[in-house]
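S.K.: here are the coordinates; sequence isn't available:
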């Protein structure tokens, strides 16, 4: 512990707008219960980049005893969360809607770049990992792949594009951690028939091997014309 500069948040002034979260390069801030919070002292460099973006003037820099800034820990934290925008809308949440709701989707966020591997809704669940284009090419995507199963729950959805996202290594690391900690019941890979989309299958397969988890994998291929390809 050392005396150093670190942010202080006035919760009376904070309205939870999230502008400080967006502008914290270290992702040291998070919206919790409608207020900005410093999630770890070691993630805060004390430089105050977030100050000028707070419309409520709720953030100040003070000097106090705290854990020292840990650049290596920040790098690992950023790789884990990878919230490129830091937006409060990326907060992990389970969606509880009735069986006749507009969509069987049960989790948010769904983008692989944004999901948290330790989100509780992954634990022991069926997971669908789908290429971005599949839901547009296959008209019955929700009905077929997100329908309520024998467990009485819809599968948890993750989407990604193995070609455009350019994040294979990060995806493998994130999925390996998810498989290891969540121990999903099953994983269904839904991808397009185009060759580049096979990269999604390779990412999931590699993550499974790295995790050492006994995960049941299934692959479903969607044709460009919108039909499920027979194996």
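M.R.: Nice, thanks for sending it over. None of the values given here were measured: they were computed from a predicted structure.

S.K.: now the most centrally placed residue in the chain, what's its secondary structure?
M.R.: Ranked by distance to the mean C-alpha position of the chain (Cα atoms, centre = their mean), the top residue is residue 115 at 1.0 Å. In three-state terms, and counting by DSSP: H, G, I helix; E, B strand; the rest coil, residue 115 is coil.

S.K.: so it is in contact with residue 93, correct?
M.R.: No. Between residue 115 and residue 93 there is no contact under Cβ atoms under 8 Å: 11.3 Å. Every residue, glycine included, has its C-beta placed from N, CA and C.

S.K.: thinking again about what came up before, from residue 129, how far out is the residue nearest to the centre of the chain?
M.R.: Look at residue 115 and residue 129: by Cβ to Cβ, to the nearest Å, they are 10 Å apart.

S.K.: run me through the strand neighbours of the helix or strand bottoming out on mean pLDDT in the chain, direction for each.
M.R.: Taking mean pLDDT, DSSP states H and E as the measure, the chain has strand 93-94 as its least confident helix or strand, at a mean of 72. Paired strands of strand 93-94, with direction, are strand 107-108 (antiparallel) (DSSP bridges).

S.K.: give me the nearest residue to residue 66, chain neighbours excluded.
M.R.: residue 41 (4.4 Å; Cβ to Cβ, 6 or more residues apart in numbering).

S.K.: pretty sure that neighbour sits against residue 67.
M.R.: Yes. The criterion here is Cβ under 8 Å, and residue 41 meets it with residue 67 at 4.3 Å.

S.K.: the more surrounded of the two?
M.R.: residue 41 (19 against 15; other Cβ atoms under 10 Å).

S.K.: let me see the contact set for the more buried one.
M.R.: 6, 66-67 (Cβ atoms under 8 Å, 6 or more residues apart in numbering).

S.K.: where along the chain do the helices fall?
M.R.: Per DSSP state H, the chain carries helices over the ranges 19-22, 71-81, 134-137, 141-145, 168-182, 198-211.

S.K.: residues in contact with stretch 216-226?
M.R.: 134, 137-139, 145, 185-194, 201, 204-205, 208, 228-229, 231.

S.K.: ok, of the residues you listed, which come out buried?
M.R.: Listed as buried from these are 134, 137-138, 145, 187-192, 201, 204, 208; burial here means 16 or more other Cβ atoms under 10 Å.

S.K.: now for these: which two are most distant?
M.R.: Farthest apart among the buried ones among the contacts of stretch 216-226 by Cβ to Cβ are 137 and 208. That separation is 25.4 Å.

S.K.: where does pLDDT dip in the protein?
M.R.: Along the chain, segments meeting pLDDT under 70 span 79-92, 96-102, 150-151, 231.

S.K.: could you chop it up by domain?
M.R.: Domain ranges of the chain: 2-83, 92-222, per automatic domain parsing.

S.K.: gap between the last one and the chain center?
M.R.: Put plainly, it is domain 92-222. 11 Å (Cα atoms, centre = their mean, to the nearest Å).
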